[in-house]
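Chemist: Following is a predicted model, sequence given first.
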Amino acid sequence: MVPPERRRRSTQRDIARRAGVSQATVSLVISGGAASAQIAEPTRRAVLAAAEELGYAANVAARSLKGGRNRLLGLYTFESVFPTDQRDFYYPFLLGVEEETARQGYDLLLFCSGGGASGAATAGRSIYAGGTNRLKIADGCVLLGRNVRREELSALVREDFPFVFVGRREVDDGELSYVAADYVSATAALVAELARLGHRRLLYLRALEDGEPTRDREEGYRRGLAEAGIAPEEAPILSLTDPADLTAERLEGWIGELGITALLVEPTEDNRLTEALATLAGTRRVRFPEDCSLALLGDPPSWTPESRNWTRFSLPRAQMAGEAVRLLVELLDQETPEPRQLTVPCVFVPGDSIGPAGTGGGRPGT
C-alpha cells in the first residue's frame, strides 16, 4: 500500500499568503499582544479566517513564545481516564505524565474531546471534533487509551503533528512514535521460569481481540517455548470467546486429561477472565499452584493489595508515561523529527501461584 502524501503543518507564512498580508502582520495577530491593536479589524478577521481554514485555528488561542513554543504539552485519552473501575490502571500513567512534564518545564493540558456527558463523551471522543485538530493548542501531545481511533492516528501522522503514544500502536499508512511495555521479553521470561520449575505442558489463554499487546505476548510465548525446547504442540494457545466458558470441569479436563501443569493467562480489559480464575481458586476444586501453576501476563485491571497475589509481570506505567514525555520533548527539539519507538522492561512479581511441576500429570487432588 502506497502511503498518502504527508501534509505539512501550516505556518504563519502560509496564513500570510492566504490572507494577502505580510508575515509580520500575521505574527502580530496570532500573538494577541498589545501590539496587535494597531491591526485594522478587517485585516485581523482575514488573518484569523485564513488560520482556521489552514487548520492553524487551535494555535490562535495560544500566545506564541520564544522559539515558536507555547511551553504546553497535551495529554489526550481515547476514553475517560477517571472511571472508578479502572483507576489503578490509569492513575500511574497520569502521574508519570504530570511529573515529567513539570520536570521538563512545560505546562500540561488534559484534552477530553466529546459530544456529551459521561459514557456518551467517551463513545464520541474525537481529536477532530469540529473538523480540525484541536490538539494544536499544545506544542505536542501524549496519547493514551485502549479503544484507539486508528484513522485519527493516521491523520496526525499525515499532519506531521508531534505526538507520542503510550503503548505500541501501528497504522497502515505511516509510522508513529510510541513508548511500549516489553511484553515480548516479559512473557518469554515467564515461560523460562516455568520451564526452570520443570513445566513442559503449558496452556496460554489469550484475549480474544487481536491488538498489538496480545500479539506481542504471543510472540514472547512462542519465543520462550523455543528457547526452552518445548514443542508448540505441548503448549497450545487458546482464545476464550466467553470467560464463563472457563469452568472447573473444563480446567480439570485440561489438567487431568491433557496433562497441563501450568497456565499463562492474559488479563482481559473487563477483568472477567481473572475473576473467573479467582472464583475457581476459591472453590478449591483446582488449587494454584498445588494442582496447576498459573502466571498472569500483566496486572489484573482491578488488582488491589487484598487480591490474590498472582505470579505475574507488572507494567511500569509511570515510567512509560515519563519516557513518552521525554521522547516528545526530544522530538520537539529536532528540526526534522523522525518517528521513534521505545520499549520499557516489565517488572517480574514473584507471587504465590506457581511452583514446581508436580507428578501424576498435575491431576487435581493427587
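Modeler: Sure, I can see it.

Chemist: For L202, name its beta-bridge partners.
Modeler: Beta-bridge pairing of L202, defined through DSSP bridges, involves A262.

Chemist: Now for it: which residues touch it?
Modeler: Residues in contact with L202, defined by Cβ atoms under 8 Å, 6 or more residues apart in numbering, are 191, 194, 225, 230, 234-235, 260-264. Bear in mind the C-beta positions are built from the backbone N, C-alpha and C, glycine included.

Chemist: Can you list which of those are found in helices?
Modeler: Among the contacts of L202, the subset assigned to helices under DSSP state H consists of 191, 194, 225.

Chemist: mind showing which ranges of the stretch 51-200 of the chain have poor pLDDT?
Modeler: Across the stretch 51-200 of the chain, residues meeting the criterion (pLDDT under 70) sit at 57-69, 81-88, 113-124.

Chemist: for F78, what are its contacts?
Modeler: Here F78 is in contact with 125, 143-149 (Cβ under 8 Å, 6+ apart).

Chemist: Adding distance to L48 and secondary structure, write these out as JSON lines.
Modeler: What follows is those, written out as JSON lines (distance: Cβ to Cβ, whole Å; DSSP: H, G, I helix; E, B strand; the rest coil):
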{"residue": "R125", "distance to L48": "27", "secondary structure": "coil"}
{"residue": "L143", "distance to L48": "28", "secondary structure": "strand"}
{"residue": "L144", "distance to L48": "32", "secondary structure": "strand"}
{"residue": "G145", "distance to L48": "32", "secondary structure": "coil"}
{"residue": "R146", "distance to L48": "37", "secondary structure": "coil"}
{"residue": "N147", "distance to L48": "35", "secondary structure": "coil"}
{"residue": "V148", "distance to L48": "32", "secondary structure": "coil"}
{"residue": "R149", "distance to L48": "29", "secondary structure": "coil"}
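
Chemist: which residues sit in contact with V265?
Modeler: For V265, the set of contacting residues under the criterion of Cβ under 8 Å, 6+ apart consists of 204-205, 273-274, 277, 294-297.

Chemist: Which secondary structure state does L48 sit in?
Modeler: What DSSP: H, G, I helix; E, B strand; the rest coil gives for L48 is helix.

Chemist: number of nearby residues for it?
Modeler: Each residue near L48 was counted by other Cβ atoms under 10 Å, and the total is 18.

Chemist: For it, report the pLDDT, please.
Modeler: The score at L48 is 84. That number is its pLDDT.

Chemist: Verify the stated contact: it with V21.
Modeler: No: taking contact to mean Cβ atoms under 8 Å, the distance of 11.5 Å between L48 and V21 leaves them out of contact.

Chemist: for the stretch 251-366 of the chain, what are the low-confidence residue spans?
Modeler: Low-confidence regions of the stretch 251-366 of the chain, defined here as pLDDT under 70, cover residues 269-271, 301-307, 359-366.

Chemist: where along the stretch 251-366 of the chain do the strands fall?
Modeler: According to DSSP state E, counting those that start in this stretch, the stretch 251-366 of the chain carries its strands in the segments 262-265, 293-296, 311-314, 341-344, 347-349.

Chemist: Redo those strands as JSON lines? Include distance to E323.
Modeler: As requested, those are exported to JSON lines (distance: least, Cβ to Cβ, whole Å):
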{"stretch": "strand 262-265", "distance to E323": "27"}
{"stretch": "strand 293-296", "distance to E323": "24"}
{"stretch": "strand 311-314", "distance to E323": "16"}
{"stretch": "strand 341-344", "distance to E323": "6"}
{"stretch": "strand 347-349", "distance to E323": "15"}
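
Chemist: Nearest to Y76, out of those?
Modeler: Distances from Y76 to each of these were compared by Cβ to Cβ, and the smallest falls on strand 341-344, at 19.0 Å.

Chemist: distance between that closest one and the chain's centre?
Modeler: Taking Cα atoms, centre = their mean, to the nearest Å, one finds the center of strand 341-344 at 12 Å from the center of the full chain.

Chemist: what about the closest residue to A49 other than its chain neighbours, how many residues close to it?
Modeler: Distances taken as Cβ to Cβ, 6 or more residues apart in numbering put A19 closest to A49, at 7.5 Å, once the chain neighbours are dropped. Neighbours of A19 under the rule other Cβ under 10 Å: 22.

Chemist: can you tell me which residues contact A19?
Modeler: Under the criterion of Cβ under 8 Å, 6+ apart, the contact partners of A19 comprise 26, 43, 46-47, 49-50.

Chemist: What is the most widely separated pair among the residues you listed?
Modeler: Checking those against each other with Cβ to Cβ, the farthest-apart pair comes out as V26 and A49, at 11.9 Å.

Chemist: Name the residue in the two with the higher neighbour count.
Modeler: Neighbour tally, V26 and A49, criterion other Cβ under 10 Å: the higher count belongs to V26, 27 against 14.

Chemist: re the thing from before, out of the ones in helices among the contacts of L202, who's the most crowded?
Modeler: Tallying neighbours with other Cβ under 10 Å puts L194 at the head of the ones in helices among the contacts of L202, with 28 neighbours.
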